[in-house]
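Engineer: here's my sequence, what's the structure:
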Amino acid sequence: MRRLYFGLAVLSILPFWVVTYLPTVDGPCHTYNAWVLRNAGNDAHPLFPLYYELNLKPYPNWTGHLVLADLMYAVPPLVAEKILVSGYALLFLSGAWYLAGAVRPEERWPAFLAFPFVYNGMFQFGFYNFSLSLALFFFILGVWWRNRERPGLPLAMKLNLLLWLCYFSHILSFGLALISIAVLWLATLRRASWRRHLLHVPILLPQIVLPIWYFLRLGGGSIPSDASFQDMAKYLLRLGVLFTFDRPQLLLATALSGAILLLAVLTFLRRNREEADGFLLLSALFAVFYFVSPDATAGGSVLKPRLSLYPFLVLIPWIAPRFTPRLQRAAVAALAVLAALDIGYQTRWHRVLDGEIQEYLAGLEGVPPHARLLPLTFDKNGSSAVIPVLYHAASYAALEKSLVDWDNYEATIGYFPLRFRRSVPRIDVGLIETRAAGFPVKRYKRQVDYVYTWKMPPDLPLEDQLAVHYGAVWSENGGILWKRKKKDGSL
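Structural biologist: Residues are numbered from 1 along each chain as shown. Below you'll find the model as predicted:
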């Protein structure tokens with residue numbers, strides 16, 4: 001079973017290596033910023049130090065960027081990105097196997113349920129740091145559970161290192177990991193060993209510093225959700241977070257959700273009360289968090305889809321329906337086939353969308369190195385039903401040519417490792433991403449050398465405004481590259 005599991009785990013990275021460009025939303029932006037970090041102070045990239053500066057405050061979002069930047073010393077940026085996401089997939093699946101074995105060493109097979117979660121919507125949105133934190137979440141719970149009866153220095157060192165690494169990946173998984181330990185700590189508290197159990201409190205005390213600092217810095221208002229309870233329940237129970245490319249994928253997500261819930265019911269009916277039931281309590285608690293949470297808070301966005309993952313993930317190590325060996329083998333075979341089909345499905349879609357990204361980027365080949373680029377993308381999805389894979393695709397061209405990408409949203413937010421210099425007159429990213437049709441060309445022409453429009457609707461006033469200050473130097477397949485005119489009107 002172990003060989004089958006890890007054989008499929010290695011196969012799960014196949015979609016990443018059959019393409020030139022990974023079809024994610026924010027992935028190009030993360031890779032671009034890691035490239036800027038890698039080349040800080042490098043004279044071969046003269047615009048980078050003029051427009052960007054390091055943000056050395058201890059915000060989350062550092063892990064993925066540092067790993068990417070370090071990998072870029074050895075391999076090209078696109079290869080570094082593939083190594084990072086491959087590492088995430090293998091770490092995630094290894095974590096699921098590790099936690100399942102920590103809770104039920106004799107019944108690890110439910111870890112096969114984790115395979116479709118590798119390609120969840122948050123990963124496809126390019127939330128690389130959050131994805132890494134999900135994998136670390138498994139290991140944190142597994143390390144604590146394995147060592148809960150031996151709270152000493154070895155546990156303190158391993159647990160705190162994992163938690164710090166998780167914090168610098170994403171604060172949501174970090175916070176939920178601490179809550180999980182607290183719930184499981186209460187679930188395993190016994191009168192005979194309560195003094196030893198209390199040692200877990202000082203072990204975890206170092207973890208209060210960074211989140212307190214973070215929320216003092218960013219603990220502002222929240223954006224409440226306007227979704228109805230019925231819509232939220234439907235999204236959760238159908239595992240809508242796994243719906244990324246086309247509607248048939250919902251069949252897989254719904255089937256997986258049904259399988260997990262059915263196995264959970266069978267486990268509940270066939271087992272006596274035990275310490276591991278704390279995971280069932282956690283699942284219910286995380287479901288409550290999902291329903292009552294806002295859409296965004298303290299700098300974090302897309303909160304509900306992220307939270308919808310955890311009620312299912314914490315059930316996996318608890319599931320143990322006491323199948324006969326024959327029935328267990330059948331379940332493993334079915335889940336392995338499901339995982340293989342999903343890998344094939346993902347491979348197909350990665351290739352399709354990679355072709356569309358390459359078509360999009362073809363229009364940027366005429367941009368010379370060390371220029372300032374403004375992409376205005378009107379069709380961001382391509383063939384994808386959910387994931388707007390062209391949203392930040394121009395960042396791939398920006399890193400290849402050392403361009404300043406004005407759609408670099410990370411550099412405007414303030415809690416990523418890189419930010420625009422305060423002395424730089426910036427362009428409102430909202431104008432680029434959500435109000436492109438009304439972009440004030442004349443106001444920003446001194447800051448933009450090239451404008452790239454993709455699938456711009458016909459007869460849009462923007463086209464006439466661009467023609468006044470820019471000239472079209474390339475036009476094909478719905479893409480137009482505009483170069484700023486000189487004072488005499490020439491190009």
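Engineer: C-alpha only now, for contacts and for neighbours.
Structural biologist: Fine.
Engineer: which element, helix or strand, includes the closest residue in space to Ala264 that isn't next to it in sequence?
Structural biologist: In space, and not counting its chain neighbours, Ala264 is closest to Ile319: 5.7 Å by CA to CA, 6 or more residues apart in numbering. Ile319 belongs to no helix or strand when assigned by DSSP states H and E.
Engineer: so Pro375 belongs to a helix, correct?
Structural biologist: No - assigned with DSSP: H, G, I helix; E, B strand; the rest coil, Pro375 falls outside any helix and is strand.
Engineer: wait, it sits on Ala394?
Structural biologist: Yes - look at Pro375 against Ala394 with CA atoms under 8 Å: they come within range, at 6.7 Å.
Engineer: so those two - more neighbours on which side?
Structural biologist: Using other CA atoms under 10 Å as the criterion, Pro375 and Ala394 rank with Ala394 on top: 27 against 23.
Engineer: distance of the more buried one relative to Ala362?
Structural biologist: 10 Å (CA to CA, to the nearest Å).
Engineer: strands along this protein, start to end?
Structural biologist: Secondary structure of the chain (DSSP state E): strands at 52-54, 222-223, 296-297, 372-377, 404-405, 418-420, 450-454, 470-476, 479-484.
Engineer: what would those strands look like in TSV with distance to Ala114 and mean pLDDT?
Structural biologist: Listed next are the strands of the chain as TSV, based on distance: least, CA to CA, whole Å; pLDDT from 0 to 100:
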stretch	distance to Ala114	mean pLDDT
strand 52-54	36	94
strand 222-223	31	78
strand 296-297	26	77
strand 372-377	35	97
strand 404-405	37	96
strand 418-420	33	94
strand 450-454	37	97
strand 470-476	42	95
strand 479-484	40	97
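Engineer: Gly121 is nearest to which of those?
Structural biologist: Closest to Gly121 of the strands of the chain is strand 296-297 (CA to CA; 16.8 Å).
Engineer: can you name every helix or strand that the closest one contacts?
Structural biologist: In terms of contacts (3 or more CA pairs under 8 Å, 6 or more residues apart in numbering; DSSP states H and E), strand 296-297 is packed against strand 222-223.
Engineer: give me the helices and strands touching the strand it packs on, please.
Structural biologist: For strand 222-223, the packing partners by 3+ CA pairs under 8 Å, 6+ apart are strand 296-297.
Engineer: have a look at this structure and report its longest helix.
Structural biologist: helix 325-362 (DSSP state H).
Engineer: give me the buried positions along it.
Structural biologist: By 16 or more other CA atoms under 10 Å, the buried positions in helix 325-362 come out as 328, 331-332, 335-336, 338-340, 342-344, 346-347, 349-357, 360-361.
Engineer: leaving out sequence neighbours, find the closest residue to Leu50.
Structural biologist: Arg421 (7.6 Å).
Engineer: count the residues that sit near that neighbour.
Structural biologist: Neighbours around Arg421, by other CA under 10 Å: 17.
Engineer: I'd assumed Phe48 was in contact with it.
Structural biologist: No - look at Arg421 against Phe48 with CA under 8 Å: they stay out of range, at 10.2 Å.
Engineer: hmm, back to that, quick one, what contacts the residue nearest to Leu50?
Structural biologist: Going by CA atoms under 8 Å, 6 or more residues apart in numbering, Arg421 touches 50-53.
Engineer: so which of those is the most crowded?
Structural biologist: Tyr52 (21 neighbours).
Engineer: how near is Phe137 to Ile83?
Structural biologist: Taking CA to CA, one finds Phe137 at 20 Å from Ile83.
Engineer: which residues of the chain score low on pLDDT?
Structural biologist: 191-192, 219-221, 298-299, 488 (pLDDT under 70).
Engineer: gap between the spatially most central residue of the chain and Ile480?
Structural biologist: The centre of the chain sits closest to Phe127, judged by CA atoms, centre = their mean, with a distance of 2.1 Å. Using CA to CA, we find Phe127 at a distance of 29 Å from Ile480.
Engineer: cool, Asp428 as well?
Structural biologist: 22 Å.
Engineer: again with Phe139
Structural biologist: 48 Å.
Engineer: look at the two and report which has more neighbours.
Structural biologist: Phe139 (25 against 21).
Engineer: residues touching that one, list them.
Structural biologist: Phe139 neighbours (CA under 8 Å, 6+ apart): 95-96, 98-99, 162.
Engineer: nearest residue to Leu335 other than its sequence neighbours?
Structural biologist: Here the residue nearest Leu335, using CA to CA, 6+ apart, is Phe112, at 6.1 Å.
Engineer: my read is that that neighbour contacts Leu338, right?
Structural biologist: No - with contact defined as CA under 8 Å, Phe112 does not count as touching Leu338 (9.4 Å).
Engineer: list the buried residues in stretch 280-293.
Structural biologist: In stretch 280-293, counting by 16+ other CA under 10 Å, buried: 280-287, 289-291, 293.
Engineer: got a list of what the residue nearest to Ala264 touches?
Structural biologist: Residues counted as contacts of Ile319 (CA under 8 Å, 6+ apart) are 110, 263-264, 267.
Engineer: just list the residues touching the residue nearest to Gly414 when sequence neighbours are not counted, thanks.
Structural biologist: Sequence neighbours aside, Asn55 is the residue nearest to Gly414 in space, at 7.5 Å (criterion: CA to CA, 6+ apart). Neighbour list for Asn55: 414-419 [criterion: CA under 8 Å, 6+ apart].
Engineer: now these: which count as buried?
Structural biologist: 415-419.
Engineer: and which of those is nearest to His65?
Structural biologist: Pro417 (7.6 Å).
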